[in-house]
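>>> Turn this into a structure:
(one chain, ligands or ions: 1)
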Amino acid sequence: MIPPDHPRYRSLVIRELLAENVKKGIVSLEGLTAQGRGEAFDYFIGERTTASAILAEKTAAALLLTARHPVISVNGNAAALAAYEIAALQKASGALVEVNLFHRTEERVHLIEDLLRSAGSDIFSGPAERLLPLSHDRAWCRREGMFSADVILVPLEDGDRCEALVTMGKTVIAVDLNPLSRTSRRATLTIVDELTRALPNISEACRTITRSEREELKSSLDNNYLLSEAIREMTMRLSHALD
Ligand code: PTJ
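Alright, predicted model coming up:
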């Protein structure tokens, strides 16, 4: 039982949620380490959405809304943390939602699809093929789903697949609290923000940005700028941590 007045209440509740989802088979054990790494970077950024992350989130909305075939790729952590936020983003952006896993078993795919459906997403499922140029199981996807996507949103991605998707000519939007990760540096656009803060902001931008704003946001996209701003924010907070 976590007391609601605990100063780290939210963080502890999220840890418990992930641990419960490990027991259900939705989150992989490795997913807990990924969450821990994310939490550390979230401390550095002040556990808030920065101005540069807001810009990245609006740009993500512009890319999703103007895509021919946008896809949201979901893994175990993303489903456990943000099933409702994913459903809302699907509604706001019109993107397909498809499960893609690093630690892949058919059983996990079905459990995650069921969780997403129960939160309101329409899942693109069915038989997958080994279509992406990768030696691990993230290669499995659907031909009419992420294989054909032009814009793909990848929360908590691994660097290999991000690189493979970019090499295939896709526009890759990553959500990753670590601005130094290979994923962050390889993606077309990186949102350095916590997933449950980032997704509602992208949905909100999908509902509010105008057509001309979409074009402006796309043409001024500069991922190196966004990453260096995130690193600048973290450095600034670290250098004033004990003030
Ligand atoms: O469910 P599976 O089998 O597909 O496995 C998924 C994991 C997350 C285990 C897999 O993709 C993985 O190992 O990811 P990595 O390589 O640890 O990368 C996760 C990245 O996401 C790290 O850079 C973390 O800092 C970041 N991260 C973790 N939690 C969050 C986050 N970024 C945003 N929001 C979070 N909640």
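>>> Do I have it right that D160 meets L132?
No. Under the criterion of CB atoms under 8 Å, D160 is not in contact with L132, lying 9.5 Å apart. Every residue, glycine included, has its C-beta placed from N, CA and C.
>>> Flag every residue of this structure that's near the ligand.
28, 30-31, 34-35, 37-38, 41, 75-77, 81, 101-103, 156, 158, 175-178, 181, 194-195 (CB under 6 Å from any ligand atom).
>>> Grab the nearest non-local neighbour of the residue in the chain that the ligand sits nearest to.
With CB to the nearest ligand atom as the measure, G38 is the residue of the chain nearest to the ligand, at 2.5 Å. Spatially, and ignoring its direct neighbours in sequence, G38 is nearest to L177 (4.6 Å; CB to CB, 6 or more residues apart in numbering).
>>> what's the burial count for that neighbour?
25 (other CB atoms under 10 Å).
>>> now do the one 5 residues further on
Counted with other CB under 10 Å, the burial measure for R182 works out to 15 neighbours.
>>> what residues are up against the residue nearest the centre of the chain?
The chain has P155 as the residue nearest its centroid, 1.7 Å off, counting by CA atoms, centre = their mean. Neighbour list for P155: 73-75, 77-78, 82, 174-175, 195, 198-199 [criterion: CB atoms under 8 Å, 6 or more residues apart in numbering].
>>> Does it have any beta-bridge partners, and if so which?
V175 (DSSP bridges).
>>> sorry, back to before: mind checking pLDDT for the residue nearest to G38?
On pLDDT, L177 comes in at 98.
>>> Surely it touches A34?
No. Using CB under 8 Å, L177 is not in contact with A34; the gap is 10.1 Å.
>>> returning to what we had before: keep only those of the residues of the chain next to the ligand that are in helices.
Cross-referencing those against helices under DSSP state H gives 30-31, 34-35, 37-38, 41, 76-77, 81, 195.
>>> what's the closest of these to A230?
A230 has its nearest neighbour among these in F41, at 9.0 Å by CB to CB.
>>> pretty sure the closest one is touching V175, no?
No. Taking CB under 8 Å as the definition, F41 is not a contact partner of V175, at 11.9 Å.
>>> So between these two, which is more surrounded?
Higher neighbour count among F41 and V175: V175, with 30 against 18, using other CB under 10 Å.
>>> Please name the residues that touch the more buried one.
153-156, 190-191, 193, 195, 198-199.
>>> hang on, the earlier thing: next, give me the two most distant ones among the ones in helices among the residues of the chain next to the ligand.
Within these, F41 and G76 form the most distant pair, 19.5 Å apart (CB to CB).
>>> Make sure V13 is indeed in a strand.
No. Assignment of V13 by DSSP: H, G, I helix; E, B strand; the rest coil gives helix, placing it outside any strand.
>>> nearest residue to V13 other than its sequence neighbours?
Nearest residue to V13, sequence neighbours excluded (CB to CB, 6+ apart): I2, at 5.9 Å.
>>> Let me see the ranges of the helices in the protein.
Shown for the chain, the helices assigned by DSSP H span residues 9-24, 29-45, 51-65, 76-93, 106-118, 159-167, 182-186, 195-208, 211-219, 223-239.
>>> So what does the residue nearest to V13 look like in phi/psi?
The phi/psi pair for I2 (degrees, to the nearest 10) reads phi -100, psi 120.
>>> Could you work out the end-to-end span of stretch 101-112 for me?
Stretch 101-112 has an end-to-end distance of 10 Å (criterion: CA to CA, to the nearest Å).
>>> Sweet, I'm off.
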